[in-house]
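Trainee: model the structure of this input:
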Amino acid sequence: MLQIPLQITFDGMDPSPAIEARIREKAAKLEHFHDRIIGCKVVIEAPHRHHHKGKLYNVRIDISVPGKDVFVGHSGPLNHAHEDVYVAIRDAFNAAGRQLEDHVRRMRGDVKAHVAPVHGKVVRLFEDYGFAETPDGQAVYFHKNSVVDDAFDRLEVGSEVRLVIAGTEGVEGAQASTVTPIGKHHIVES
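Mentor: Numbering: from 1, shown residues only. This next block holds a predicted model:
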């Protein structure tokens, strides 16, 4: 259970034991993301009664942790699922969890590694398909429909390409779902 003070405020609506219980349940799970939460304030704002459409609940969460406060509130595009207060609560706490994870990663000095895209050179071309070879020697099949911008006819043996490898292999082995000609720009191996 959450060992930190939790403040819950209902704005524009009567307090609800069921909603409060759901908030306490979700707040307790935040400790999985950060074990040193100092405080948590949650405000549930009911939609204004004078609106005829799009009565959306807004959930604001203010979490205090060492070194930073994490704020969550929905100011983005309208999400009509938030006409249900429980969906609005779920989405707000999911966003809070992601922000806490990012904060912990930054505090540990972890950096998200951006993997260089797979690349290779076209080694064989046929009427409507071809093969590219990656720097580690893997042959990757591709169909002309997987080449972006209808550029299949402009490919030549030796052309450099960026490859998105499909999750499942085809009959020919590894298969590219997307092939992008690189042109004169090269990806440098580090």
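
Trainee: neighbouring strands - and their directions - for the lowest-mean-pLDDT helix or strand in the chain?
Mentor: Using mean pLDDT, DSSP states H and E, strand 68-72 stands out as the lowest-scoring helix or strand of the chain, at a mean of 80. Under the criterion DSSP bridges, strand 68-72 sits next to strand 58-65 (antiparallel) in its sheet.

Trainee: for burial, what's the neighbour tally of the nearest residue to R154 once chain neighbours are set aside?
Mentor: Leaving out its chain neighbours, the residue that sits closest to R154 by C-beta to C-beta, 6 or more residues apart in numbering is P181, at 6.9 Å. No exception for glycine: its C-beta is placed from N, CA and C like everyone else's. Neighbourhood size, P181 [other C-beta atoms under 10 Å]: 17.

Trainee: beta partners of P181?
Mentor: Beta-bridge partners of P181, as defined by DSSP bridges: V161.

Trainee: who touches it in this structure?
Mentor: Neighbour list for P181: 147-148, 151, 154-155, 159-161 [criterion: C-beta atoms under 8 Å, 6 or more residues apart in numbering].

Trainee: list the buried ones in stretch 101-112?
Mentor: H103 (16 or more other C-beta atoms under 10 Å).

Trainee: from the chain's centroid, how far away is that stretch?
Mentor: 16 Å (C-alpha atoms, centre = their mean, to the nearest Å).

Trainee: what does that stretch contact?
Mentor: Looking at what lies outside stretch 101-112 - C-beta under 8 Å, 6+ apart - the contacts are 33-34, 65, 67-68, 70.

Trainee: show me which of the residues you listed are buried.
Mentor: 33-34, 65, 70.

Trainee: okay, strands next: where are they in this protein?
Mentor: 6-11, 39-45, 58-65, 68-72, 118-125, 129-133, 139-143, 160-165, 176-181 (DSSP state E).

Trainee: each with direction, which strands does the first one pair with?
Mentor: The partner list of strand 6-11 in its sheet, established with DSSP bridges, is strand 39-45 (parallel).

Trainee: export the strand it pairs with as PDB, just CAs?
Mentor: Extracted in PDB, the C-alpha atoms of strand 39-45 (Å, rounded to 0.1, in the frame of the first residue of the first chain):
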ATOM      1  CA  GLY A  39       3.400  13.000  -1.700                       C
ATOM      2  CA  CYS A  40       0.500  12.700  -4.200                       C
ATOM      3  CA  LYS A  41      -2.400  15.000  -4.800                       C
ATOM      4  CA  VAL A  42      -5.200  14.000  -7.200                       C
ATOM      5  CA  VAL A  43      -7.900  16.400  -8.400                       C
ATOM      6  CA  ILE A  44     -11.000  15.000 -10.300                       C
ATOM      7  CA  GLU A  45     -12.700  17.700 -12.200                       C
END
